[in-house]
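# sequence unknown, structure follows:
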């Protein structure tokens, strides 16, 4: 009998699957993710969309972010390891450092523009992930920035939308009490309305 993988082993396996996508294959999959995402009513009607700068093989959303640039906010890591959000810096097609940005301790670009807002002020939050299941459970990189920042949000809270390649789906993820489930996951094969979405509607 095969024993279920630990979170550490599963994280290692799914990170490798994500990073194994290259060149034309990766570009096509990212384009499809962006197209599905841009069509969502939750995105088209949002005033503030929290996005992210890609790291460790995460899907790159830069063309999508340029299209919705005036709505885009980017995370910054506070000293207490929670996330706040700032308006996006000027989004260029390459990785040159914009004037109103800096690299954090992980080498990820963060905006230095004002104002600074909390998660509750976003209408939709696009969340990168390592793995996911259709119940809305998300496996992250392990630092807990998003779970820490989203726990305790009052309703109506932002739409939580996971972003991933289809190769990052797994049958069932173990969930800890502090894990915050997703409402949707957008992959290169479509938009998944998670089981949690149905629960959210009636809570």
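Perfect, I can see it now. As the structure is a prediction and not an experimental result, all values here were calculated from the model.
# mind telling me what element the residue positioned nearest the centre of the chain is part of?
In the chain, the residue lying closest to the centroid (C-alpha atoms, centre = their mean) is residue 127, at 1.5 Å. In the assignment (DSSP states H and E), residue 127 maps to strand 124-128.
# show residues contacting that strand.
37, 42-43, 46, 48-52, 54-55, 58-59, 61, 119, 138, 140, 146, 150, 158-164, 182 (C-beta atoms under 8 Å, 6 or more residues apart in numbering). C-beta here means a position set from N, CA and C on the backbone, and glycine is covered the same way.
# in ChimeraX, select just the buried ones from those residues.
A single ChimeraX command selects the buried members of the contacts of strand 124-128 (16 or more other C-beta atoms under 10 Å):
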select :37,42,43,46,48,49,50,51,52,54,58,59,61,119,138,140,146,150,158,159,160,161,162,163,164,182
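# restricted to helices, list the contacts of strand 124-128.
Judged by DSSP state H, the subset of the contacts of strand 124-128 located in helices is 37, 42, 43, 146, 150.
# turn those residues into JSON lines, columns for pLDDT and distance to residue 169.
Formatted as JSON lines, these follow (pLDDT from 0 to 100; distance: C-beta to C-beta, whole Å):
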{"residue": "37", "pLDDT": "98", "distance to residue 169": "17"}
{"residue": "42", "pLDDT": "96", "distance to residue 169": "21"}
{"residue": "43", "pLDDT": "97", "distance to residue 169": "21"}
{"residue": "146", "pLDDT": "93", "distance to residue 169": "19"}
{"residue": "150", "pLDDT": "90", "distance to residue 169": "21"}
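# from those, which single one is nearest residue 66?
Distance ranking of the ones in helices among the contacts of strand 124-128 against residue 66, using C-beta to C-beta, places residue 37 first at 13.2 Å.
# right, and that closest one touches residue 43 too?
Yes - at 6.0 Å, residue 37 counts as touching residue 43 under the criterion of C-beta atoms under 8 Å.
# thank you, goodbye.
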